[in-house]
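[1] Whatever this is, show me its structure:
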Amino acid sequence: MLLTLTLVTLMTAQDTGTLRVTVTLDGAGVPRVFLLVSDNPATTAPRRVRTTADGALELALKPGSYTVESDLPVTRNGHVHTWTEMVEVIAGKETVLELTATNAAIEPAALDAAAAEASTNAGTAALLAKWRDAVVEIWAPTRHASGFLIDATGVIATSYHALGDASSVEVEITAGRNRFKVPGRVVASDRATGAAFVRIDAQLMAAPPIAPGCAQARWPSVAYEQEIVAIAAPMLAEKDAIDGVALRATAQAIFLDMRLPHDSAGGPVFAESGQLLGISALNEDEDRRIREPWVVPVERMCEAFAGAEKRIAAAVAPRGTRLPVEVRLNAAAAPHGPEPSQAPAASRRPSVAKLSSADFDISVLTPALARDEPDRYSPLADFGYWSEYVRDAPPVLLIRVSPQFEESFWKMLARGAAATQGMALPPLKSVTSNFLRMRAFCGDAEVAPIHPLIIERRLSEKGSIREGLYVFAIDAFGAHCPTVRLAMYSEKDPQKADTRTIDPQLFERLSRPASQH
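    Below you'll find the predicted structure:
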């Protein structure tokens, strides 16, 4: 059997060749370049491919003649570059095609916005390639944000508005193919300037910092409709560079025309020349329908840093303990399955498990179960700020802890008084006590969550409801656990645990693939 597999592997390798394509301008690889690859003569529709972060791509192809051409042009220094090249792929060998300014067709860039939109900006791509590894993801309990290393001592700058009142966060670092998450401590947060700073173990990041140049005598100026670039680190997606233009600039902010994702504020913003302009920020309404992107200018960032410099220097960085991360899937292995009504009865997923403790209601589910919730208006289908995370998350285990509601004695009297006047009012309920934190145990061993998230719903200027949404590895609990125990704490009594023990078989059923149900 082993010999047969080996022969098949060798025959497959001999029947195909490798085409490696690189796109390089001004000495730097250009990422995100879309190309079309078709055989000669064409037998099928062209294959659309895109270069990776280093401006290269590799394809396994049958031997023969191929045409490689631009799908979208590449814009650089006011000119567009396109390519049409023919290559010969040889079985068992690597063919390298280098696309550069030398073999490109170069024309002046079109002036209309539509043409500019449908092109890859090589300057933008070069900034992304240069600073990609210095940009990080920041997971706060109630928000996700971008951030960027500004100092070799492990100081990361981000947006005050993105962090809110968080004092500790988790910082997700990507360097090449390595991805890991570590604790971060918020060492300064300045509402007046809009800047915040997070400290991590300085040894964790090999990327050079994006130095703000706080000692410079002159700060960068920004003109109306000046082109700018923001680097963003959205959750569950690759880092990206976003083009935009400046609308107006004040001493406190630079206002933008830019499509900045709501989970990506806090990253660096550059002029097209590569000069750092500041930190991206976002103002949005409660429904996140109206978003106003702006920039904390670099001089305001430096002002906030100078005001907290002693505190930042004295702050002890948390240990660089590696924290759990999701096992992310590619598009071909996306977790979305058939709708429940279309799935055979034997392969239908289990339902959401609903439990209770003394103070909390508990839901145990997976992202797939959340997506299949038939009632879109059900509270179980609404995860507040984290709805997009649940929608796009790979297979993970979600434990949602919600405060119970009760009707106070005085509200009950008010309802009774209204009834004597002919008005039948429903029970007037209020939260017993908001969720604070949770610890989960497999037997006696505590299990660290991937994300300890908070769903926050503001009821008024003075009050809000806080639920826990803890994300674990899909197989964190199950038959290998003698018991599964949740210890939940409330804001009202932060030292007293409300404990609930759950049958491990419940988690075993949730972690099985749908085909095994």
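
[2] Now do the strands for the stretch 51-200 of the chain: every range, in order, please.
    When assigned using DSSP state E, counting those that start in this stretch, the strands of the stretch 51-200 of the chain occupy the ranges 56-61, 64-70, 74-76, 79-82, 84-89, 94-99, 105-108, 120-121, 135-139, 144-151, 155-159, 168-175, 178-190, 195-199.

[3] Can you lay out those strands as a markdown table showing mean pLDDT and mean neighbour count?
    No exception for glycine: its C-beta is placed from N, CA and C like everyone else's. As requested, these are exported to a markdown table (pLDDT from 0 to 100; neighbours: other CB atoms under 10 Å):
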| stretch | mean pLDDT | mean neighbour count |
| --- | --- | --- |
| strand 56-61 | 91 | 16 |
| strand 64-70 | 94 | 18 |
| strand 74-76 | 81 | 23 |
| strand 79-82 | 88 | 20 |
| strand 84-89 | 95 | 15 |
| strand 94-99 | 95 | 16 |
| strand 105-108 | 88 | 10 |
| strand 120-121 | 60 | 22 |
| strand 135-139 | 97 | 26 |
| strand 144-151 | 96 | 27 |
| strand 155-159 | 96 | 28 |
| strand 168-175 | 94 | 20 |
| strand 178-190 | 94 | 19 |
| strand 195-199 | 96 | 29 |
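
[4] Let's have those in JSON lines, adding distance to Arg391.
    Rendered in JSON lines, the data for the strands of the stretch 51-200 of the chain read as follows (distance: least, CB to CB, whole Å):
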{"stretch": "strand 56-61", "distance to Arg391": "29"}
{"stretch": "strand 64-70", "distance to Arg391": "33"}
{"stretch": "strand 74-76", "distance to Arg391": "33"}
{"stretch": "strand 79-82", "distance to Arg391": "36"}
{"stretch": "strand 84-89", "distance to Arg391": "40"}
{"stretch": "strand 94-99", "distance to Arg391": "37"}
{"stretch": "strand 105-108", "distance to Arg391": "41"}
{"stretch": "strand 120-121", "distance to Arg391": "28"}
{"stretch": "strand 135-139", "distance to Arg391": "17"}
{"stretch": "strand 144-151", "distance to Arg391": "14"}
{"stretch": "strand 155-159", "distance to Arg391": "24"}
{"stretch": "strand 168-175", "distance to Arg391": "19"}
{"stretch": "strand 178-190", "distance to Arg391": "21"}
{"stretch": "strand 195-199", "distance to Arg391": "27"}
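
[5] Of those, which is nearest Asn283?
    Evaluated with CB to CB, those place strand 155-159 nearest to Asn283, the distance being 10.4 Å.

[6] strand partners of that closest one, parallel vs antiparallel please.
    strand 144-151 (antiparallel), strand 195-199 (antiparallel) (DSSP bridges).

[7] by how many degrees do it and strand 168-175 diverge?
    With axes from the mean of the first three to the mean of the last three CA atoms, to 10 degrees applied, the angle from strand 155-159 to strand 168-175 works out at 110 degrees.

[8] Show residues contacting strand 155-159.
    Contact with strand 155-159 is made by 136, 138, 145-150, 171, 184, 187, 194-200, 212, 265-266, 268, 279-282, 296, 301, 305, 312, as judged by CB atoms under 8 Å, 6 or more residues apart in numbering.

[9] Mind putting the strands paired with strand 155-159 into CSV with distance to Ala217?
    Listed next are the strands paired with strand 155-159 as CSV, based on distance: least, CB to CB, whole Å:
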stretch, distance to Ala217
strand 144-151, 19
strand 195-199, 21
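
[10] residue nearest the centroid of the chain?
    When CA atoms, centre = their mean is applied to the chain, the residue found nearest the centroid is Met235 (0.7 Å).

[11] ok, now which ones touch that one?
    Met235 neighbours (CB under 8 Å, 6+ apart): Glu137, Trp139, His144, Asp263, Glu388, Tyr389, Asp392.

[12] With Val49 instead?
    Val21, Phe34, Leu35, Leu36, Val37, Leu57, Leu59.

[13] That one sits in which helix or strand?
    strand 47-50 (DSSP states H and E).

[14] So in that sheet, which strands flank that strand, and in what orientation?
    Strands adjacent to strand 47-50 in the sheet, as given by DSSP bridges, are strand 34-39 (antiparallel).

[15] The strand it pairs with vs strand 56-61, what angle?
    Using the same axes, to 10 degrees: strand 34-39 against strand 56-61 is 20 degrees.

[16] avg pLDDT for strand 34-39?
    Strand 34-39 comes out with an average pLDDT of 92.

[17] relative to strand 84-89, how tilted is it?
    Computed by the same axes, to 10 degrees, the angle between strand 34-39 and strand 84-89 is 50 degrees.

[18] chain center to strand 34-39, what's the gap?
    With CA atoms, centre = their mean, to the nearest Å as the basis, strand 34-39 stands 30 Å off its chain's centre.

[19] now stretch 222-233
    When distances are taken as CA atoms, centre = their mean, stretch 222-233 is centred 21 Å away from the chain's centroid.

[20] now do stretch 152-162
    Remark: stretch 152-162 is offset 17 Å from the chain centroid, using CA atoms, centre = their mean.

[21] low-confidence ranges in the stretch 151-300 of the chain?
    With pLDDT under 70 as the threshold, the stretch 151-300 of the chain has low-confidence stretches at 285-290.

[22] can you pull out the helices in it?
    Ranges of helices in the stretch 151-300 of the chain, per DSSP state H, counting those that start in this stretch, are 160-163, 298-307.

[23] go on, the stretch 351-500 of the chain?
    Here the stretch 351-500 of the chain has its helices, by DSSP H, counting those that start in this stretch, at 367-371, 387-392, 409-420.

[24] Arg311 against Ala188, yeah?
    Yes: Arg311 lies in contact with Ala188 (CB atoms under 8 Å); the separation is 6.1 Å.

[25] circling back to that earlier point, okay, the contacts of Val49 in TSV with distance to Met488 next?
    Shown next, in TSV, are these (distance: CB to CB, whole Å):
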residue	distance to Met488
Val21	54
Phe34	49
Leu35	53
Leu36	55
Val37	54
Leu57	48
Leu59	51
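
[26] Go through those residues and say which is closest to Ser363.
    Proximity of these to Ser363, judged by CB to CB, is greatest for Phe34, which lies at 41.9 Å.

[27] Setting the sequence-adjacent residues aside, check what's closest to the closest one.
    Beyond its immediate neighbours in the sequence, the residue positioned closest to Phe34 (CB to CB, 6 or more residues apart in numbering) is Asp71, lying 4.1 Å away.

[28] which residues touch the one you found?
    For Asp71, the contacting residues are Phe34, Leu35, Leu36, Arg48, taking CB under 8 Å, 6+ apart as the criterion.

[29] who are the neighbours in contact with Arg319?
    The contact partners of Arg319, by CB under 8 Å, 6+ apart, come to Pro183, Asp201.

[30] Dihedrals phi and psi, it?
    Backbone torsions of Arg319, given as degrees, to the nearest 10, read phi -60, psi 150.

[31] Would you agree Val471 is in contact with Ile454?
    No: Val471 lies out of contact with Ile454 (CB under 8 Å); the separation is 11.9 Å.

[32] overlap in contacts of the two?
    None of the residues lies in contact with both Val471 and Ile454 under the rule CB under 8 Å, 6+ apart.
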